[in-house]
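> what's the 3D shape of this:
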Amino acid sequence: MILSIESSCDDSSIAITEIATKKLIYHKKISQELEHSKYGGVVPELASRLHAQALPAILAECEPWFSQLKAIAVTNEPGLGVTLIEGVTMAKALSIALNIPILPINHLKGHIYSLFIEKEAVLPITVLLVSGGHTQLIEVKSYTEMETVATTMDDSYGESFDKVAKMMSLGYPGGPLIEKLSLSGDSSRFAFTVPLWQSPLIAFSYSGLKNQVRLAVEANDESAYPDIAAAFQKTATDHLIQKLKKYFKSRPPVRFAIVGGASANLYLRERVKDVLHPYKAELLLSELKYCSDNAAMIGRAAVESFRNNFVVDYKKIAINPRCKL
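Alright, predicted model coming up:
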């Protein structure tokens, strides 16, 4: 078995995955959403202190499986440096105590393998990764062959939802709150400009849209918030859809997936289904409980890492907060 640890941002999570069957033996996650909501976003130092409390408490429940572990997997990139180090420090301690190696796991690969928890991977696949820190279009051929074909030039899709929610003092995390508020809004009331609409680039950008929303919020009272939220959600998603359509003209999809915390947005899921329909492409989605950061996805990626013998000694693992795929 592999014990996996996830602490890249504000979710403390540990899982145990059986290597041969990929069965999820144990999984627990403690969210910090309530602690950070009063600040309208994640406070890194607070997140680090909360991980230091939560991770040992979860680990205590895993002791019955210690004798069956072959490796410790841990997210070491990308993420917040002060929170990544909490998980990596625990992984090093376990590696020394149990005399087993470490599997460093890229957090983004974890999101991709959230599609395949407790099942075999189905590859190749085109993946749209949308989260609080990343917006990327990735061609995935195998665990070791992944090509990022488009990324954001500034803010991410998920980050823009969080920031718009903060403008309206809705709380954190912003994605579910904006999505819920949009249900009672009129998306046609505010005509926000779709980012990079005239640009031939296959790339993403949300800073300009975010500024448009800020001006609308400042010019209107709270009664307009549902309409602003609906217009923002539609425009932010229109941007993704337009770039996907442009990309599909040169590379028609066969198998497509949406992963990351923002992939839980049901409006986005329906819009992508419509885009894929003419191509008769298969759409893969993670279970909603595995969309946000979790150790189960890190454990599933770790099975592939173990198969490729990517184990390291505890002295050689390092954190890479800004690393990409």
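
> and for Thr152, the neighbour number?
20 (other C-beta atoms under 10 Å). In short, each C-beta sits where N, CA and C put it, glycine included.

> which strand or helix spans Ser160?
helix 157-167 (DSSP states H and E).

> list the buried residues for the next helix or strand after that helix?
Heading C-terminal from helix 157-167, the first helix or strand you meet, by DSSP H and E, is helix 174-182. Buried positions in helix 174-182, judged by neighbour count with 16 or more other C-beta atoms under 10 Å: Gly174, Gly175, Pro176, Leu177, Ile178, Glu179, Leu181, Ser182.

> buried set for stretch 7-22?
By 16+ other C-beta under 10 Å, the buried positions in stretch 7-22 come out as 7-19, 22.

> what packs against the helix-or-strand element of the chain with minimal mean pLDDT?
Every helix and strand in the chain was compared by mean pLDDT, DSSP states H and E; the lowest is helix 33-37, with a mean of 92. Here helix 33-37 touches helix 44-60, going by 3 or more C-beta pairs under 8 Å, 6 or more residues apart in numbering; DSSP states H and E.

> list of residues touching the helix it packs on?
By C-beta atoms under 8 Å, 6 or more residues apart in numbering, the residues outside helix 44-60 that reach it are 5, 7, 9-10, 12-14, 28, 30, 32, 35-36, 39, 80-83, 85-87, 90.

> contacting residues for the nearest residue to Asp313 once chain neighbours are set aside?
Ranked by C-beta to C-beta, 6 or more residues apart in numbering and with sequence neighbours excluded, the top spatial neighbour of Asp313 is Pro101, at 6.6 Å. Residues in contact with Pro101, defined by C-beta under 8 Å, 6+ apart, are Ala71, Ile72, Ser95, Val311, Val312, Asp313, Tyr314.

> now for the third one, how many residues are close by?
Residue neighbour count, defined by other C-beta under 10 Å, stands at 21 for Ser95.

> show the contacting residues for the spatially most central residue of the chain.
Nearest to the mean C-alpha position of the chain, counting by C-alpha atoms, centre = their mean, stands Gly260 at 3.0 Å. Going by C-beta under 8 Å, 6+ apart, Gly260 touches His111, Leu129, Val130, Ser131, His134, Gly158, Cys291.

> number of nearby residues for the closest residue in space to it that isn't next to it in sequence?
Excluding the flanking residues, the one nearest Gly260 by C-beta to C-beta, 6+ apart is Ser131, at 3.5 Å. For Ser131, the count of nearby residues is 24 (other C-beta under 10 Å).

> do Ile228 as well
28.

> is it true that it touches Asp221?
No - taking contacts as C-beta atoms under 8 Å, Ile228 lies outside contact range of Asp221: 10.8 Å.

> now do the domain split for the chain, please.
As assigned by automatic domain parsing, the chain contains the domains 2-116+292-316, 125-285.

> with distance to Cys323 added, can I get these in TSV?
TSV is the format used below for these (distance: least, C-beta to C-beta, whole Å):
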stretch	distance to Cys323
domain 2-116+292-316	4
domain 125-285	11
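
> deepest-packed of the ones you listed, please.
Mean neighbours per residue, mean count of other C-beta atoms under 10 Å, is largest over those for domain 2-116+292-316, with a mean of 20.
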